[in-house]
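Student: Here is a sequence together with a model predicted from it:
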Amino acid sequence: MSLRANLIRFGLRTLLKRSARPGRSLAATRRQFAMMGRFVPRPPRGTATIALDAGGVPADSIATPASRADRHVLYLHGGAFYVGSPALYRDFTWRIADAARARVLCIDYRLAPEHPFPAAVDDAVTAYRWLLEGGATPAQVAFVGDSAGGGLTFAALMRLRDEGTPLPAAAVAISPWTDLALTGASLRANAAAEAMLAVEILPPVVAQYLADADPHHPHASPLYGNAAGLPPTLILTGSDDVLLDDAMRMADAMRKAGCDVEAEVWPRMFHAWPVLARILPEGRAAVARIGAFLDRRL
């Protein structure tokens, strides 16, 4: 682990993790993330970011000079289904576009509690179908998501498969949240080591996202679904990630179902570390790994 990663771990625990506590109002949390969004650097010159309507789903389209017009990545952001936006990810999505030599469509899917499950799944499915209707071929589309967006990636793929829609060529899940029943042992084992995600906020977040839905529903918790037929997938997680077990159990389920899956546990990395690629050497290395995987598959 780099010296910078150690310093960032300390800062995250002090400034972010401790502020994410149960009982904090939704409005206060969203104000905090909106303030953070104002400090997210803009993409470098030459990057084109266009706000558009993806079949009724607000989204940003991101392309760098390296992006090919015929390659597409549908990006599903994290945020535990109640916070997050394309703007908050603008320093990360251009890196994925550049590394994968693709256009990235980062959707602003609907959030709970105003829009509980399955609104986010509906929006991901709608955006993918919008890409296909616009001329994208499944063989040149990939899904990428982090945290809640990683779980949403698997959920949307299962839904699309079950409805008979041709699936994309590949998927990447970064620290995916695949079990909303919260049974993973790493939720307890890594609670102290984790730098990014406070475990204690998860039960109330699950309750507001699911409303009255079953946490074992495969479109809410894809760990409990049938993984057969899902596309080649790269799963990245960290040894200190509280969702380590969510990632690794999902990888095991995919292998048992006959899927092509590559799962990597990065030593001492915390939840969703690649999104900090600007300041974290391990984040930049992860972006390069994702780009190489997608470049090979698309």
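Tutor: Perfect, I can see it now.
Student: all strands of the stretch 51-200 of the chain, in order?
Tutor: Ranges of strands within the stretch 51-200 of the chain are 58-63, 72-76, 103-107, 141-146, 170-174, based on DSSP state E, counting those that start in this stretch.
Student: Now tell me what touches the first one from outside.
Tutor: For strand 58-63, the external contacting residues (Cβ atoms under 8 Å, 6 or more residues apart in numbering) are 43, 47-53, 86-87, 90, 93-94, 97, 103-108, 127. Just so you know, the C-beta spots here come from the backbone N, C-alpha and C atoms, and that holds for glycine as well.
Student: now swap in the third one and tell me
Tutor: Outside of strand 103-107, the residues within contact range by Cβ under 8 Å, 6+ apart are 54, 57-63, 67-69, 71-77, 86, 89, 93-94, 96-97, 123-124, 127, 131, 144.
Student: Kindly give a single PyMOL line that selects the buried subset of those residues.
Tutor: For the buried members of the contacts of strand 103-107, the matching PyMOL selection, counting by 16 or more other Cβ atoms under 10 Å, is:
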select buried, resi 54+57+58+59+60+61+62+63+67+71+72+73+74+75+76+77+86+89+93+94+96+97+123+124+127+131+144
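Student: returning to that earlier point: mean pLDDT and distance to residue 227 for the strands of the stretch 51-200 of the chain - can I get that in a markdown table?
Tutor: Shown next, in a markdown table, are the strands of the stretch 51-200 of the chain (pLDDT from 0 to 100; distance: least, Cβ to Cβ, whole Å):
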| stretch | mean pLDDT | distance to residue 227 |
| --- | --- | --- |
| strand 58-63 | 98 | 27 |
| strand 72-76 | 99 | 18 |
| strand 103-107 | 98 | 23 |
| strand 141-146 | 98 | 14 |
| strand 170-174 | 99 | 11 |
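Student: Just the buried ones from the contacts of strand 58-63?
Tutor: 43, 47, 49, 86-87, 90, 93-94, 97, 103-108, 127.
Student: which sections of this protein are below the confidence cut-off?
Tutor: Filtered on pLDDT under 70, the chain yields the residue ranges 1, 3-23.
Student: just the helices in this protein please.
Tutor: Assigned helices in the chain, in chain order: 3-12, 26-38, 90-100, 119-133, 148-162, 186-189, 202-210, 244-256, 281-297 (criterion: DSSP state H).
Student: who wins for proximity to residue 223 among these?
Tutor: In terms of Cβ to Cβ, the element of the helices of the chain nearest to residue 223 is helix 244-256, at 5.5 Å.
Student: Could you check how far that closest one is from the centre of its chain?
Tutor: 16 Å (Cα atoms, centre = their mean, to the nearest Å).
Student: what residues does that helix touch?
Tutor: The contact list for helix 244-256, computed with Cβ under 8 Å, 6+ apart, reads 150-151, 154, 173, 175-179, 184-187, 190, 222-223, 227, 230, 233, 235-238, 241, 261, 263, 265.
Student: Distance to residue 256 added to the strands of the stretch 51-200 of the chain, as JSON lines?
Tutor: Converted to JSON lines, these look like this (distance: least, Cβ to Cβ, whole Å):
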{"stretch": "strand 58-63", "distance to residue 256": "34"}
{"stretch": "strand 72-76", "distance to residue 256": "24"}
{"stretch": "strand 103-107", "distance to residue 256": "30"}
{"stretch": "strand 141-146", "distance to residue 256": "21"}
{"stretch": "strand 170-174", "distance to residue 256": "17"}
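Student: closest to residue 212 out of the ones you listed?
Tutor: Nearest to residue 212, of all the strands of the stretch 51-200 of the chain, is strand 72-76, at 23.7 Å by Cβ to Cβ.
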